[in-house]
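>>> What follows is a predicted protein model with its sequence.
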Amino acid sequence: MENWKLPWEGGCRCGEVRFRVTSPPLMVNACHCAGCQRMTASAYALTMTLNVDGFEVTLGEPVLGGMRQEPKHYHCPACKSWMFTKPSAMPWMVNMRPTMLDDHAWVRPYLELFRGEGFAWAETGAKHSFETFPPEAEWPNLIAAFAAEGAQP
């Protein structure tokens, strides 16, 4: 899919931190792990995986939040919105919360992760679902399939 209508703008709830996305997402997923449940106070967290070169903070200075360890979760210092995560083990990527996009109604998860920790009633309609994390060997095929058929604005 070629028509992603980039760039996208987004930011925290209060507007103190803003960002821009300039490259298409590699994946959109819903993570049902207990950690994401606690971070969001919800049944799961939506995550949009981006190449780090296609993501930039344009206003403000996000701060570490959550457990303040790996992976590093960045929040607005004022409203405490969980905006994105940068795992040091994968410095080429950033996992952004797509609900922080100014226009996010089009976003839908393509994968569900850690269903084994999730609530049975929390359905997302994702095309693929995994009890934990997909095997590493499956990621290239999942990313290619998402690029071909995943949701776009």
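Done, it's in.
>>> Contacts only, for residue 70.
By Cβ atoms under 8 Å, 6 or more residues apart in numbering, residue 70 lies in contact with 87, 88, 89. Any C-beta I mention is one placed from the backbone N, CA and C, and that applies to glycine too.
>>> quick one, strands of this structure?
8-11, 18-21, 27-31, 45-51, 55-59, 63-65, 72-75, 82-86, 93-96, 111-113, 128-129 (DSSP state E).
>>> nearest to residue 37, of these?
Closest to residue 37 of the strands of the chain, according to Cβ to Cβ: strand 45-51, at 7.8 Å.
>>> neighbouring strands for the closest one, and are they parallel or not?
Applying DSSP bridges to the sheet, strand 45-51 is found paired with strand 27-31 (antiparallel), strand 93-96 (antiparallel).
>>> so it versus strand 82-86, what angle?
Comparing the axes of strand 45-51 and strand 82-86 via axes from the mean of the first three to the mean of the last three Cα atoms, to 10 degrees yields an angle of 50 degrees.
>>> now strand 45-51 and strand 55-59, what's the angle there?
Using the same axes, to 10 degrees: strand 45-51 against strand 55-59 is 110 degrees.
>>> Can you name the residues in contact with strand 45-51?
With Cβ under 8 Å, 6+ apart, strand 45-51 has contacts from 21, 23, 25-31, 36-37, 39, 82, 85, 92-99, 107, 109.
>>> now stretch 75-90
In contact with stretch 75-90 (Cβ under 8 Å, 6+ apart) are residues 11-14, 16-17, 19, 39-40, 45, 47, 52, 55, 60-66, 70-74, 93-97, 100.
>>> Run through this structure and note the low-pLDDT ranges.
The model of the chain has pLDDT under 70 over residues 1-2, 67-68.
>>> Where is the longest helix in it?
Secondary structure of the chain read by DSSP state H shows that its longest helix is helix 139-149.
>>> Next, count neighbours for residue 97.
23 (other Cβ atoms under 10 Å).
>>> show me what contacts it?
45, 46, 47, 48, 81, 82, 83, 84.
>>> Next, work out how far apart it and residue 126 are.
Distance of residue 97 to residue 126, computed by Cβ to Cβ, to the nearest Å: 16 Å.
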